[in-house]
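J.: requesting a structural model of the entry that follows:
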Amino acid sequence: MSDELSGHAVLRHTLGRAALERARAGRAADIAARHERLSDTGPQAGRALHLRMARTHRQVAARHEAAAAMHSAFAAKLVAMLQDSSPLSPSALFMSAVASAAEAQGAAVTLFGRAFEELLCAASDARAKAVRDLEFVCGEGPTITSAVEQRIVTATGEQLGAEWPAFGSAATALGLRRVVAVPVTLDGASSGALTVFDVPTADEPGEYPRLRGLADALFHLVLPDVGRETGEWASFDVFDRRSVIHQAAGMVAEQMGCGLDDAQALLRAHAYSSGEELEELAKGVVERRVRFDGL
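T.: Predicted structure coming up:
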């Protein structure tokens, strides 16, 4: 989000986006309804086509409705912050709005590269960030599994430790009770995932259509829209960049004479054993305050 934008300007823009997305959803729903009528009354030969078009436009309407819900939730967070005269914190605000739209206690969004390396991550609050950092450090967890296997991953209570021993025990200690991770396939070599924490157990059965819709809208409508306002959406300052970690891994690889994968494993192991945040450790390496060949 551009630094020069005031909180009120951001609020006006967000409310405008919510209204626009609702209007787009309404138009798509109208088109779907027209095709549904034609599938009932038109020639038999064209009925299958009209049904397919109706399904497609219902899906488009659902995507725009989900985007409108996220923009509306973001606007509500902005109003509360402006009333409190608090400083604008895009990261916490934006992701807490996503959590509200998901009716969850917390949320995180993650972008992965071709080899499922973590490129960008944003979390709604300190605990959500700590849980995602645990995944990054341990190299295992629901978000990673969801992205790699391209399936919804859910775990509750003891399942966390049974499925991911290192991550699960530490996440449970942070008070995590239930997690759902929803993958999103993106164009090109990247993929993404929306992870929600402590969503109600009776939230929705089966394949979580509402959470799927939120994840789909988040990556395909909401974040690209932010990008059009601020440049490449990957640089949107709502995200905590992981690039410093990849840069540090390259320096550790040179110091230790090992490959990048081994260097990143060394970084993660040291952060895990010392309790230091991985990004802070990586910054120390990049700023030449920490050398692994001297540890």
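J.: every contact and neighbour count from this point should use C-alpha atoms.
T.: Fine.
J.: residue 56 versus residue 213, what's the distance?
T.: 14 Å (CA to CA, to the nearest Å).
J.: settle it for me: which of these two has more neighbours?
T.: Legend: neighbour count by other CA atoms under 10 Å for residue 213 and residue 56, higher for residue 213 (19 against 15).
J.: need the three-state assignment for the more buried one.
T.: Three-state call for residue 213 (DSSP: H, G, I helix; E, B strand; the rest coil): helix.
J.: now swap in residue 180 and tell me
T.: Under three-state DSSP, residue 180 falls in the strand class.
J.: in space, what's closest to it - neighbours in sequence excluded?
T.: Nearest residue to residue 180, sequence neighbours excluded (CA to CA, 6 or more residues apart in numbering): residue 154, at 4.3 Å.
J.: list the pairing partners of whichever helix or strand that neighbour is part of within its sheet, with orientation.
T.: Counting by DSSP states H and E, the element that carries residue 154 is strand 153-156. Sheet pairing of strand 153-156 (DSSP bridges) gives strand 178-185 (antiparallel).
J.: before we move on, back to that, how many neighbours does the residue nearest to residue 180 have?
T.: For residue 154, using other CA under 10 Å, the count is 18.
J.: tell me the contacts of it?
T.: 142, 178-181 (CA atoms under 8 Å, 6 or more residues apart in numbering).
J.: that one and residue 273, how far apart?
T.: For residue 154 relative to residue 273 (CA to CA), the value is 27 Å.
J.: over to residue 141: give its phi and psi.
T.: Main-chain dihedrals, residue 141, degrees, to the nearest 10: phi 150, psi 170.
J.: now do the helices in the stretch 51-200 of the chain.
T.: 90-101, 126-138, 142-149, 158-163, 165-173 (DSSP state H, counting those that start in this stretch).
J.: for residue 264, which of the ones you listed is the nearest?
T.: Closest to residue 264 of the helices of the stretch 51-200 of the chain is helix 126-138 (CA to CA; 9.2 Å).
J.: tell me the mean pLDDT over that closest one?
T.: Per-residue pLDDT over helix 126-138 has a mean of 88.
J.: quick one: buried residues of that helix?
T.: Neighbour counts using 16 or more other CA atoms under 10 Å place 127-138 of helix 126-138 among the buried residues.
J.: of those residues, which is the nearest to residue 192?
T.: Taking the buried residues of helix 126-138 together and measuring to residue 192 by CA to CA, the closest member is residue 132, at 13.6 Å.
J.: distance check, the closest one against residue 262.
T.: With distances taken as CA to CA, residue 132 is found 21 Å from residue 262.
J.: with residue 143 instead?
T.: For residue 143, the distance to residue 262 equals 22 Å [CA to CA].
J.: higher neighbour count, those two?
T.: Between residue 143 and residue 262, residue 143 has the larger neighbour count (other CA under 10 Å), namely 27 against 15.
J.: is the more buried one in contact with residue 196, as I believe?
T.: No. Using CA atoms under 8 Å, residue 143 and residue 196 do not qualify as a contacting pair, with a distance of 9.7 Å.
J.: so what sits against both of these two?
T.: With CA under 8 Å, 6+ apart as the test, residue 143 and residue 196 both reach residue 181.
J.: could you double-check that residue 138 lies in contact with residue 268?
T.: Yes. Look at residue 138 against residue 268 with CA under 8 Å: they come within range, at 6.9 Å.
J.: give the contact list for residue 214.
T.: Residue 214 makes contact with 63, 66-67, 101-102, according to CA under 8 Å, 6+ apart.
J.: what sits against the residue nearest to residue 177 when sequence neighbours are not counted?
T.: Counting by CA to CA, 6+ apart, residue 177 lies nearest to residue 157, which is 5.2 Å off, once chain neighbours are set aside. Applying CA under 8 Å, 6+ apart to residue 157 gives the contacts 172, 176-178.
J.: which one of those residues is nearest to residue 32?
T.: Distance to residue 32, by CA to CA, is smallest for residue 178 among the contacts of residue 157, at 36.0 Å.
J.: show the contacting residues for that closest one.
T.: Residue 178 sits next to 154-157, 197-199, 201 when contact means CA under 8 Å, 6+ apart.
J.: do you know how far it is from residue 165?
T.: According to CA to CA, residue 178 stands 15 Å off from residue 165.
J.: is residue 51 in contact with residue 36, as I believe?
T.: Yes. Residue 51 is within contact range of residue 36, at 6.2 Å (criterion: CA under 8 Å).
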